[in-house]
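In: Following is a predicted model, sequence given first.
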Amino acid sequence: MVKKIATMMVTLLLALMIPSMAWATNVSLHLSSSTANPGDTITASGTNDPNVWISIKVLDSEQSIVFFDSVKTNANGNYTMDIQVPQSSGPLTIVAGSGTNVASKVLTFGTAPQPGTTGTTTTPTTPTTQH
């Protein structure tokens, strides 16, 4: 009898958890630019459930945290935060979320290539003659 009651309690608890998991929104993350230079300001924005806190962290190429802050979503579930790009030796990973519900984007350094170009510029050199 005790085993039957325990089984019913566990089943009831699991049934109560299903709606809250089904209604949870996955966090989204958008960056105003995927390329920036140290000192530039980019905007991280996205959506999640309304009125929840979103942690935003920036990881360097060695996975060290170089920026951390949080922002609360509005009544529609939208959030936005300006981030000043820190000095780093490689690409940065921007991570936004709450708990295990996270999204991430990579931010690279340099100027974005203009449309119609390959993004590589080669400076011609004058050949030298040897005597």
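Out: Yes, it's here. Residues are numbered from 1 along each chain as shown.

In: Sketch out the helices for the chain, chain order is fine.
Out: 2-23 (DSSP state H).

In: Can you list the buried residues in stretch 88-105?
Out: When burial is assessed from 16 or more other Cβ atoms under 10 Å, stretch 88-105 yields the following buried residues: 88, 92, 94, 95, 96, 97, 98, 103, 105. In this view, the C-beta of every residue, glycine as well, is placed from N, C-alpha and C.

In: all strands of the protein, in order?
Out: Applying DSSP state E to the chain gives strands spanning 30-31, 35-36, 41-47, 53-59, 65-72, 78-84, 92-98, 101-109.

In: Could you say which one of those comes nearest to residue 5?
Out: strand 101-109 (33.9 Å; Cβ to Cβ).

In: okay, the angle between that closest one and strand 92-98?
Out: On the basis of axes from the mean of the first three to the mean of the last three Cα atoms, to 10 degrees, strand 101-109 is oriented at 160 degrees to strand 92-98.

In: For strand 101-109, which strands pair with it and how are they oriented?
Out: strand 35-36 (parallel), strand 92-98 (antiparallel) (DSSP bridges).
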